[in-house]
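1. Sharing a model that was predicted from the sequence below.
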Amino acid sequence: MSIARAWVMCERLDRLRARGARSVWALVAGAAAGMAACVGEAPPPPGGEAAVTPAAFAEGERRYDATCAACHGPRGTGTDRGPPLVHRVYEPSHHGDAAFLVAVRQGVRAHHWRFGDMPPVPGVSEPDVVAIVAYVRWLQRQAGID
């Protein structure tokens, strides 16, 4: 199954969960179709292969890799410890840039995913978050998330 197709299946499963699907079979069917591919893969950017990070976002990438990637995965793809940031849930119209700063400073109660609460991240400055958010937004744009 292609990454793009698996991504679509993941989003369908997310919608089922969001609607409060009570049927175990509905969740199992969605999971069987694409759940294995959901782990850690963002959709490919337009044009196929992962794009090289432009110099304007290189510092954000460096800071992201140092402080976020352990939980949110390389290039925002998610892990078993945290959700993918390259996902429609984190599009700017739903989670604005300031939400990332609040999350880093205060932590976040679990509300979209079942990874548990995100604790505050000490030692990450506001300029760090600004650079990280710019990088994440670039990744999202590469995936067609505006």
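-> That came through fine. Numbers count the residues shown, from 1 in each chain.

2. Please pull up the helix or strand immediately following the helix or strand bottoming out on mean pLDDT in the chain.
-> Of all helical and strand segments in the chain, the minimum by mean pLDDT, DSSP states H and E falls on helix 24-38, at a mean of 40. Sequence-wise, the next helix or strand beyond helix 24-38 is helix 55-67, with elements assigned using DSSP states H and E.

3. Quickly list the domain ranges of this structure.
-> Domain segmentation of the chain under automatic domain parsing yields 3-38, 55-142.

4. Check those for me and report the most buried one.
-> Most buried of the domains of the chain, by mean neighbour count (mean count of other CB atoms under 10 Å): domain 55-142, with a mean of 17. Bear in mind the C-beta positions are built from the backbone N, C-alpha and C, glycine included.

5. now the end-to-end length of that one.
-> 15 Å (CA to CA, to the nearest Å).

6. For the chain, give me the ranges with low pLDDT.
-> For the chain, applying pLDDT under 70 flags the ranges 1-50.

7. repeat that with 50
-> By pLDDT under 50, the weakly predicted segments of the chain are 1-8, 21-49.

8. check which helix or strand covers Ala98.
-> helix 97-106.

9. what residues does the helix or strand following that helix touch?
-> Per DSSP H and E, helix 97-106 leads on to helix 126-142 as the next helix or strand towards the C-terminus. Defining contact as CB atoms under 8 Å, 6 or more residues apart in numbering, one finds that helix 126-142 is touched by 42, 45-46, 50-51, 53-54, 56-57, 59-61, 63-64, 67-68, 75-76, 85-86, 90-92, 97, 100-101, 104, 124, 146.
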